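> Any chance you could fold what I've pasted below:
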Amino acid sequence: MSVASYLEKNNARFLQELVDLLRIPSVSADPKFKADVVKAANFVKNSLEKAGADLVEICETPGFPIVYGEKIIDPALPTVLVYGHYDVQPADPYELWDSPPFEPVLKKTAIHPEGAIFARGAADDKGQFYMHIKAFEAMMATSNLPCNVKFMIEGEEEIGSDNLDKFVLANKERLKADVILISDTHMIGMQDPSITVGLRGMAYMEVEVTGPNRDLHSGTYGGAVANPINVLCKMIASLKDENEHITIPGFYEKVQELSVAQRQRLNEAPFDLSEYKGKLDIQEVHGEKGYTTIERVGIRPTLDVNGIWGGYTGEGAKTVLPSKAFAKISMRLVPDQDWHEIAILFENHFKAIAPASVSVKVKAHHGGAPAVVSDSSLGYQAAEAAMEETFGKRPIPTREGGSIPIVALFQKELGSDPILFGFGLDTDALHSPNEHYGVKNYLIGIETIAAFFRHFSTLHGR
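Okay, the predicted model is just below:
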């Protein structure tokens, strides 16, 4: 039986298995879901074993486990390492979901007329990493696995992959591979397939601004004592100028500037600004002056407030002047910015701009390095050929605004460029209510991954 025939015969089961995985609320950021994260790890382990992997293991870490498995059919053949993550973002706020986030629902949409699975983690990253397990199963079941394969699926990507670097450093020989496949990115569209060749890094910070030693009555003390929320808002507003240029001293010192030719090539990707605004229900785009929307999300650093709170937020009114105010702030970084350096620059600047009426604490939660991968490697050529085979169109190399910190780690420690082989769309509501993943994306992803193995083996043999 051919891989294509096996896929056609088993597509319904593959879809149901993904639904079963999505029912597990593996939220790594929230301790109350700890047992569920471990449950998801065991689901992955069982799936790898059933698909035909050997030496499948739950590798314990100080945090959540890493699932490892492999199939070495011939040490002389090339080896593909597959990376993914089974943990998901928190689903809050639940009330903004059209259906419960961990009760997957299949619905047709204008973008996904064949249907999409709505659930937290559908596109990021359960639906995407599970494609690799199913492609592996299809190749094994039909005796069409052309090279060796290793799997490393972690449970802490959404909280910074704190323990992955230690695992990689301790298992460099075990993880040795000729190419690394990662499906945790998106394409331009089903009619315009693309392969990501650049990712931004991340520095994620939390700030705490304290004024008086307790909450005060706003009538008795308002106007005489600084309100930490007011102060925090003013401080945050000062972090950008009128051109949306970040004002932290030294922030742009190491930013890698692209040539005019590189920027022109980047902007050749299909992009309809009116359609973009329409999908978001916004009247105008916003960002750093002098750059296009594609450039702003692909090659320029950013600073955004991800959450802000303080004072009374319950029902009704409470005239309180709060003691404290908080915010979570993330900065997306580009080559050659170092997130540790940026975190220090941010902390020093934020403390420096605080008025004497408040005190400030700054905490760096996590971060990661930006990465650019080659579009001329054998791995990229194989991915390009596989996509052209299944989509009928040559994929476009693009740079993506998101962050996958481990890409730079893999490049440095494993000496191999990862291939960012994503099949989601930027409309899939990653990290947002109503996250979803197209059924067609999922199934064509499985087919394309199997084609990648065939093309990579052939190219490597040449």
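> Where does the residue of the chain positioned farthest from its centre sit: helix, strand or coil?
The centre of the chain is farthest from one residue, residue 220, which by C-alpha atoms, centre = their mean lies 47.4 Å away. Assigned by DSSP: H, G, I helix; E, B strand; the rest coil, the conformation of residue 220 is helix.
> Likewise for residue 62?
Following three-state DSSP, we place residue 62 in the coil state.
> if I look at it, how far off is residue 404?
From residue 62 across to residue 404, the span is 21 Å (C-beta to C-beta, to the nearest Å). To be clear about C-beta, it is placed using only N, CA and C from the backbone, and glycine gets the same treatment.
> quick one: pLDDT of the residue farthest from the centre of the chain?
Note for residue 220: predicted pLDDT of 95.
> what's the answer for residue 269, then?
Per-residue pLDDT puts residue 269 at 87.
> ditto for residue 236
pLDDT for residue 236: 98.
> That one against residue 305, yeah?
Yes. Applying C-beta atoms under 8 Å, one finds residue 236 in contact with residue 305, separated by 6.0 Å.
> list the contacts for residue 190?
Counting by C-beta atoms under 8 Å, 6 or more residues apart in numbering, residue 190 makes contact with 391, 425, 438, 440, 441.
> er, residue 222 actually
For residue 222, the contacting residues are residue 321, by C-beta under 8 Å, 6+ apart.
> Quick check on residue 336: phi, psi?
Torsion angles at residue 336 (phi, psi; degrees, to the nearest 10) stand at phi -120, psi 40.
> My guess is residue 80 contacts residue 146. True?
No. Assessed by C-beta under 8 Å, residue 80 is found out of contact with residue 146, at 9.7 Å.
> out of the two, which sits in the busier spot?
Between residue 80 and residue 146, counting by other C-beta atoms under 10 Å, residue 80 is the more crowded of the two (28 against 20).
> From residue 81, how far out is the closest residue to that one other than its chain neighbours?
Once flanking residues are discounted, residue 80 sits nearest to residue 149: 5.0 Å by C-beta to C-beta, 6 or more residues apart in numbering. According to C-beta to C-beta, residue 149 stands 8 Å off from residue 81.
> Show me the shaky parts of this structure.
Nowhere does the chain drop to pLDDT under 70.
> any idea how far the residue lying closest to residue 155 once chain neighbours are set aside lies from residue 198?
In space, and not counting its chain neighbours, residue 155 is closest to residue 64: 3.4 Å by C-beta to C-beta, 6+ apart. According to C-beta to C-beta, residue 64 and residue 198 sit 28 Å apart.
> returning to that earlier point: okay, residue 149 and residue 81: which has more neighbours?
Of the pair residue 149 and residue 81, residue 149 is the one with more neighbours under other C-beta under 10 Å, namely 26 against 23.
> sorry, back to before: redo the contacts of residue 190 as CSV? Include secondary structure.
Conversion of those to CSV gives the following (three-state DSSP):
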residue, secondary structure
391, helix
425, strand
438, strand
440, helix
441, helix
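> how distant is whatever helix or strand residue 360 lives in from the center of its chain?
Using DSSP states H and E, residue 360 sits within strand 359-368. With C-alpha atoms, centre = their mean, to the nearest Å as the basis, strand 359-368 stands 20 Å off its chain's centre.
> cool, stretch 315-334 as well?
Offset of stretch 315-334 from its chain centre (C-alpha atoms, centre = their mean): 25 Å.
> how many neighbours does residue 332 have?
20.
> go on, residue 201?
Number of residues near residue 201 (other C-beta under 10 Å) recorded here: 25.
> Quick check, it in contact with residue 366.
No. Contact between residue 201 and residue 366 fails when scored by C-beta under 8 Å: they sit 11.1 Å apart.
> Identify the contacts common to those two.
Taking C-beta under 8 Å, 6+ apart as the criterion, residue 201 and residue 366 both touch residue 405.
> what helices or strands is whichever strand or helix holds residue 349 leaning on?
Under the criterion of DSSP H and E, residue 349 resides in helix 339-352. For helix 339-352, the packing partners by 3 or more C-beta pairs under 8 Å, 6 or more residues apart in numbering; DSSP states H and E come out as strand 201-210, strand 324-333, strand 359-368.
> what do you get if the cut-off is 6 Å, keeping everything else the same?
Using 3 or more C-beta pairs under 6 Å, 6 or more residues apart in numbering; DSSP states H and E, the elements in contact with helix 339-352 are strand 201-210, strand 359-368.
> Give me the sheet partners of the following helix or strand past the first one and which way each runs.
Proceeding C-terminally, strand 201-210 gives way to strand 216-217 as the next helix or strand, assigned by DSSP H and E. With DSSP bridges as the test, strand 216-217 is paired with strand 320-321 (antiparallel).
> Please enumerate residues in contact with the partner strand?
With C-beta atoms under 6 Å, 6 or more residues apart in numbering as the test, strand 320-321 has contacts from 215, 216, 218, 221, 222, 227, 311, 312.
> Which of the residues you listed sits closest to residue 140?
The shortest gap between residue 140 and any of these belongs to residue 311, at 57.7 Å (C-beta to C-beta).
> so the closest one makes contact with residue 323?
No. Using C-beta atoms under 6 Å as the test, residue 311 is too far from residue 323 to be in contact (8.9 Å).
> ok, back up a step: give me whichever of the helices and strands packed on helix 339-352 is most buried.
Mean neighbours per residue, mean count of other C-beta atoms under 10 Å, is largest over the helices and strands packed on helix 339-352 for strand 201-210, with a mean of 22.
> Give me the angle between that one and strand 359-368.
On the basis of axes from the mean of the first three to the mean of the last three C-alpha atoms, to 10 degrees, strand 201-210 is oriented at 160 degrees to strand 359-368.
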